[in-house]
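# Pasting the sequence and the predicted coordinates here, then a few questions.
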Amino acid sequence: MEIIKIPKKEGIIDRRTGKVLSRKLRVAAYARVSTMGAEQLNSYESQKKYYYEKINNNSEWQYVNIYADEGISGTTDYRRAGFMKMIQDAIAGKIDLILTKSISRFGRNTMDVLKNVRLLRDNNVAVLFEENNLNTLDTKASEMLLTTLSAVAQQESENISEHVKLGLQMKMNRGELVGFNSCYGYKYNSRNKELLIIEEEAEVVKFIFEQYCAGHGANSIAKMLMKQGIKSPKGNANWSDSTIRGILRNEKYKGDVLQGKTYTADPLSHKRYKNLGETDQFYVSEHHEPIIAPEQFDLVQEILKERCGARANGRRIGNVGRKFAFSSRIRCGFCGNCFTRRMVAGKNKENIPSWSCTSFAKNGKDNCSESKTIREEIIKEAFVDSYKILCSNTKFETKEFLDIMNQTMNEDNKQEELEKCNKEYANIKSKKSKLVDLIVEDKISQEDYDEKVEKYNRKLEILEKKIEQLQLLQEDKQSISDGLTKIKELLTTKDIMEEFDQEIFNALVNYVIIGGYDENGTKDQYLIRFILKREFDLSVPKEIPEELIIKNNIINLESKNVLVDFINNRQYFSFERDENGKLNKVLRNRLRIRVECDIT
């Protein structure tokens, strides 16, 4: 048996033909710096100049291009436009050899470095790391060495990231402003490192806070600003309610700064998350000149907490815990829209809480010409009188009502759903963690990994919100129970409710309709209808269509849903305009009030 050794060919082999390339080696270079600082930019220009001269001074090399990225981190390849263009050109057969200073210049993410080097090697493209004296086409040992050196580069990047984080935290601890982007109403003076007030925008901020304290909601304030033609912080004509709430919650308007609201999970993904306690935060009081007085700002925070849908984290989905008992609960019997709370000047210039149809109050009389403003006191007294008559009404089955209440307070129907969501959340977290093993073992591609991680993150985000809402419902169960317990005590002891009780109102009433037509078709702008709840829980309230209210705004004496229908003989004053537009004070002593199970 004769064995003949066939020596390897010297040079680069064209894998399409199997022949040694006789032409010049097509050479490119890659340079990168991670910041835009003057020192780094000088290094960047020096790298480009060095490689240009090195390639052109070698007679066996043909200059292709110098690919470069400036002010870009090397931890993620897809963010580096120059790098990605180089990879594309290499795969397209335009490059034979890539020069780069070191592995850390090529990338600081071990998986990305290995992925791209293997991709280039499969396309017969070599990478020469000069500092490491490593050519990726030379030997099989280069794979192990490359893996080791890449891991070292990634660890170096992570160490740098930790040092930067520590430096930023030290600045925050000293009260220095870190990472300021923009804040409506302020501009940043980079020379003195201070926030300066923009007077024109500051007036808008003051208007937002004043209107919210007066009882207007975020959506209503947004409409006011659009009607006045005021541009949003982004320069758009439209304002959103989320933008209004963001301004109302921003502590900078009281002169303080909360730093560390978000954090970067790791130096590889660069993804930022809302800081829920994962990292330290720093609250700096009296940092700059305030636009809003601290007392007014604190009052707004209290209103936000107490109103439905406002929590420090997440969103309340019940209808208990509002600042005002009737917020989002009063509907106009003529147009079906919600009523908004406003202050009306009294005889002695005192502010009288009142409620008006939003269509009329915000968009003008032409949008709802039939509705009238009604004082809050009238609605509260109407509810007290209705409750007294309701409890003595034979149609109102006290025992049946108490049974429903007891069943409601003992039910725990949200606990099972909460446990199911928690189990699903843990399952997705487990699947997500297993993806790391799959990509390390090279069982899935980077693209598949990124796609699946993004998919799992979306699911986790949705579940987090749902879990938080269910937890809030569990908390609010105590609030609804308090109201129902009061009702139970009043019914069993035969005590009389002498004044308006918001807990009882929340537990009993679904919504109120103001205005409509009597059984003869005569317009009654002060008709009050209390529509009771069918279920005593805090699930998401169903939106009542405006069309349904308008369709059923005429009193039907044959309706079986009516529990109470009476005339309140208390005396009230209202203000009416005559034919000449003059405002006149009118005495009223007849107010029609109804309590119904349903409006249909």
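The structure has been received and is ready for your questions.
# In contact with residue 83, which residues?
30, 32, 67, 69, 77, 107 (Cβ atoms under 8 Å, 6 or more residues apart in numbering). From N, CA and C alone the C-beta is placed, and that goes for glycine too.
# Look up the pLDDT of the residue nearest to the first one when sequence neighbours are not counted for me, please.
Nearest residue to residue 30 in three dimensions, chain neighbours excluded: residue 100, at 4.5 Å (Cβ to Cβ, 6 or more residues apart in numbering). pLDDT, residue 100: 89.
# One more: residue 315?
38.
# do residue 34 as well
Residue 34 carries a pLDDT value of 62.
# same deal with residue 500?
With respect to pLDDT, residue 500 has a value of 90.
# Now stretch 549-556 - C-alpha only, PDB.
Output of stretch 549-556 as PDB, limited to C-alpha atoms (Å, rounded to 0.1, in the frame of the first residue of the first chain):
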ATOM      1  CA  ILE A 549     -79.700  56.500  25.600                       C
ATOM      2  CA  ILE A 550     -81.300  58.800  23.000                       C
ATOM      3  CA  LYS A 551     -83.600  56.000  21.800                       C
ATOM      4  CA  ASN A 552     -84.900  55.500  25.400                       C
ATOM      5  CA  ASN A 553     -85.000  59.100  26.600                       C
ATOM      6  CA  ILE A 554     -88.800  59.200  26.700                       C
ATOM      7  CA  ILE A 555     -90.500  57.900  29.900                       C
ATOM      8  CA  ASN A 556     -92.400  54.700  29.400                       C
END
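# Name the residues that touch it?
Outside stretch 549-556, the residues that reach it (Cβ under 8 Å, 6+ apart) are 331-336, 513, 515-519, 521, 527, 565, 594, 599-600.
# Next, count neighbours for residue 525.
16 (other Cβ atoms under 10 Å).
# Could you dump the contacts of residue 83 into TSV with secondary structure and neighbour count added?
Shown next, in TSV, are the contacts of residue 83 (DSSP: H, G, I helix; E, B strand; the rest coil; neighbours: other Cβ atoms under 10 Å):
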residue	secondary structure	neighbour count
30	strand	24
32	strand	26
67	strand	25
69	strand	22
77	helix	18
107	coil	28
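# what's the most distant pair in these?
Farthest pair in the contacts of residue 83 (Cβ to Cβ) is 67 and 107. Separation: 13.1 Å.
# residue contacts, residue 128?
97-100, 134-136.
# run the last query once more with 6 Å
Counting by Cβ atoms under 6 Å, 6 or more residues apart in numbering, residue 128 touches 99, 135.
# Can you name the element that comes right after the helix or strand hosting it?
Using DSSP states H and E, residue 128 maps to strand 126-129. Taking DSSP H and E as the definition, the helix or strand that follows strand 126-129 towards the C-terminus is strand 134-135.
# Given that next one, what are its sheet partners and their directions?
Neighbouring strands of strand 134-135 in its sheet, by DSSP bridges, are strand 126-129 (antiparallel).
# Quick check: mean pLDDT of the strand it pairs with?
Summarised as a single mean, pLDDT over strand 126-129 is 87.
# Can you give the domain ranges for the protein?
For the chain, automatic domain parsing gives the domain ranges 13-161, 186-306, 332-398+501-596, 402-491.
# would you list these in TSV and tack on distance to residue 3?
Putting the domains of the chain into TSV (distance: least, Cβ to Cβ, whole Å) gives the following:
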stretch	distance to residue 3
domain 13-161	22
domain 186-306	49
domain 332-398+501-596	81
domain 402-491	35
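# Out of those, which is closest to residue 325?
domain 332-398+501-596 (4.5 Å).
# Quick check: end-to-end length of that closest one?
Length of domain 332-398+501-596, first residue to last, Cα to Cα, to the nearest Å: 16 Å.
# Please apply the same query to stretch 51-65.
For stretch 51-65, the end-to-end distance is 10 Å (Cα to Cα).
# Identify each buried residue in that stretch, please.
For stretch 51-65, a neighbour-count test (16 or more other Cβ atoms under 10 Å) marks 51, 55, 61-65 as buried.
# Equivalent analysis for stretch 113-121, please.
Across stretch 113-121, burial judged by 16+ other Cβ under 10 Å covers 113-117, 120.
# So which of those residues belong to helices?
Judged by DSSP state H, helices contain the following of these: 113-117, 120.
# Closest one of the buried residues of stretch 113-121 to residue 454?
residue 115 (17.9 Å).
# Among the contacts of stretch 549-556, the buried ones, what's the PyMOL command?
To isolate the buried ones among these in PyMOL, judged by 16+ other Cβ under 10 Å, type:
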select buried, resi 331+332+333+334+335+336+513+515+516+517+527+565+594+599
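# mind showing which ranges of the stretch 101-250 of the chain have poor pLDDT?
For the stretch 101-250 of the chain, the stretches flagged by pLDDT under 70 are 108-111, 138-181.
# Which parts of it are helices?
103-106, 110-122, 141-173, 199-213, 218-227, 241-249 (DSSP state H, counting those that start in this stretch).
# what about residue 381, helix or strand, and which?
Per DSSP H and E: helix 376-391 holds residue 381.
# name the helices or strands packed onto that helix?
Applying 3 or more Cβ pairs under 6 Å, 6 or more residues apart in numbering; DSSP states H and E, we find helix 376-391 packed against strand 562-568, strand 591-596.
# quick revisit: may I see the buried residues of the strand holding residue 128?
By neighbour count with 16+ other Cβ under 10 Å, strand 126-129 contains the buried residues 126-129.
# just stretch 378-393 next, same as before
378-387, 389-391.
# For residue 330, what are phi and psi?
Dihedral pair for residue 330: phi -100, psi 130, per degrees, to the nearest 10.
# Help me confirm that it comes into contact with residue 340.
No: in this structure, residue 330 is not within contact of residue 340 by Cβ atoms under 6 Å, at 8.8 Å.
# Can you pull the phi/psi pair for residue 337?
Backbone torsions for residue 337, taken as degrees, to the nearest 10, come to phi -80, psi 170.
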